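*Asks:* just a sequence and a predicted model for now, questions to come.
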Amino acid sequence: MTATAERVEVPVPVSARHPRRPRRGITARPAALWGRRRAVRLLVARDLKVRYASSALGYLWSVLEPLALAGIYWFVFTQVFTRTVGAEPYIVFLLAGLLPWTWFNGAVTEAARALHTEAKLVRSTNVPREVWVVRVVLSKGVEFLLSLPVLFGFALAFGAPLDWHLVLLLPGAVLMAVLVLGVGLLLAPMVVLVRDLERVVRIALRLGFYATPVIFAVSDVPGRLSAVFALNPLAGVIELNRAGFSTEPVQWSLVGISVSAAAVLLAAGWAVFARLERTVLKEI
């Protein structure tokens, strides 16, 4: 059975086909989404099943891309050029930045086109339409969690310092989920209305990689430019991800900026999604 066929045959709970009377107020949409959490679980499970069942390598695809990129950057900056950025061991530093970036890149790319890709199901089911963005964020988040053992393996193999800051991986993952959800809710309806925006998103993500402290740290950026890179919402997320593998103190200012940006983006995303939902349903 093809991935397309799987999408058409998603089992939807009876409660999702016959929704309760919606609440009013600013918590109405989050509450409705929480009420359909079983549908979200089914969709996330479907995504992971289709992605892994149709591939011979299965789970390994979750880590092959960041591993390949980490290997390339490690070779270039340690064997070809004299490296002046990052921390030791550099391969662990790279992976701790590449894994969350892979989550962000994949989730934003798929969430942006989620409503268009699942147009038939969006029209035919009564689940909150935010579900189609949430399931992308969570499925990519599960892939991120599944890739963490690889990061720990490299950390142990290369003698990275490990301490209690490893617990910050959890709030880092939650922060990333909120951030990606906000961006996805902003983009998903707009991509339906302006199809060229999907290409713009792909280009922006390619450029955004070099504006994100993945192969370097914010502290490596010279002069006033460091303040500009610190405004990147992903900087704080990556800071939390690297905290347990480094002796450097956590830059909580970066984390604070990321928390603020994630909250603003989530609020804006939900407002834009709610405002454009009816228009989007007419277009798909």
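*Replies:* Sure, I can see it.
*Asks:* drop to CA atoms for contacts and neighbour counts, all remaining ones
*Replies:* Will do.
*Asks:* so residue 89 touches residue 161, yeah?
*Replies:* No: under the criterion of CA atoms under 8 Å, residue 89 is not in contact with residue 161, lying 9.1 Å apart.
*Asks:* out of those two, which sits in the busier spot?
*Replies:* residue 89 (17 against 14; other CA atoms under 10 Å).
*Asks:* for that one, what are its contacts?
*Replies:* 158, 159, 160 (CA atoms under 8 Å, 6 or more residues apart in numbering).
*Asks:* just among those residues, which is most surrounded?
*Replies:* residue 160 leads the contacts of residue 89 on contacts (other CA under 10 Å) with 21 neighbours.
*Asks:* that one: what secondary structure?
*Replies:* Secondary structure for residue 160, judged by DSSP: H, G, I helix; E, B strand; the rest coil, is coil.
*Asks:* would you list the phi and psi of it?
*Replies:* Main-chain torsions, residue 160, degrees, to the nearest 10: phi -70, psi 140.
*Asks:* that one and residue 246 touch, don't they?
*Replies:* Yes: with contact defined as CA under 8 Å, residue 160 reaches residue 246; the gap is 7.1 Å.
*Asks:* overlap of the contact sets of the two?
*Replies:* Shared contacts of residue 160 and residue 246, counting by CA under 8 Å, 6+ apart, come down to residue 88.
*Asks:* sec struct for the spatially most central residue of the chain, please.
*Replies:* By CA atoms, centre = their mean, the chain has its centre lying nearest to residue 104, at 3.2 Å. Judged by three-state DSSP, the three-state class of residue 104 is helix.
*Asks:* for it, give me its contacts.
*Replies:* Neighbours of residue 104 in contact, by CA under 8 Å, 6+ apart: 176, 180.
*Asks:* ok, it to residue 131 distance?
*Replies:* 18 Å (CA to CA, to the nearest Å).
*Asks:* chain neighbours aside, what residue packs nearest to residue 246?
*Replies:* The shortest distance from residue 246 to any non-neighbouring residue, by CA to CA, 6 or more residues apart in numbering, is to residue 161 (5.8 Å).
*Asks:* continuing past the one helix or strand residue 239 maps to, what's the next helix or strand?
*Replies:* Using DSSP states H and E, residue 239 sits in helix 233-242. Next along the chain after helix 233-242, taking DSSP H and E as the criterion, comes helix 252-283.
*Asks:* relative to helix 233-242, how tilted is that next one?
*Replies:* 120 degrees (axes from the mean of the first three to the mean of the last three CA atoms, to 10 degrees).
*Asks:* what strand or helix carries the closest residue to residue 71 other than its chain neighbours?
*Replies:* Excluding the flanking residues, the one nearest residue 71 by CA to CA, 6+ apart is residue 91, at 7.5 Å. Per DSSP H and E: residue 91 is located in helix 90-112.
*Asks:* give me the distance between the next helix or strand after that helix and the centre of its chain.
*Replies:* Next helix or strand after helix 90-112 toward the C-terminus (DSSP H and E): helix 114-117. Its chain's C-alpha centre and that of helix 114-117 lie 17 Å apart, by CA atoms, centre = their mean, to the nearest Å.
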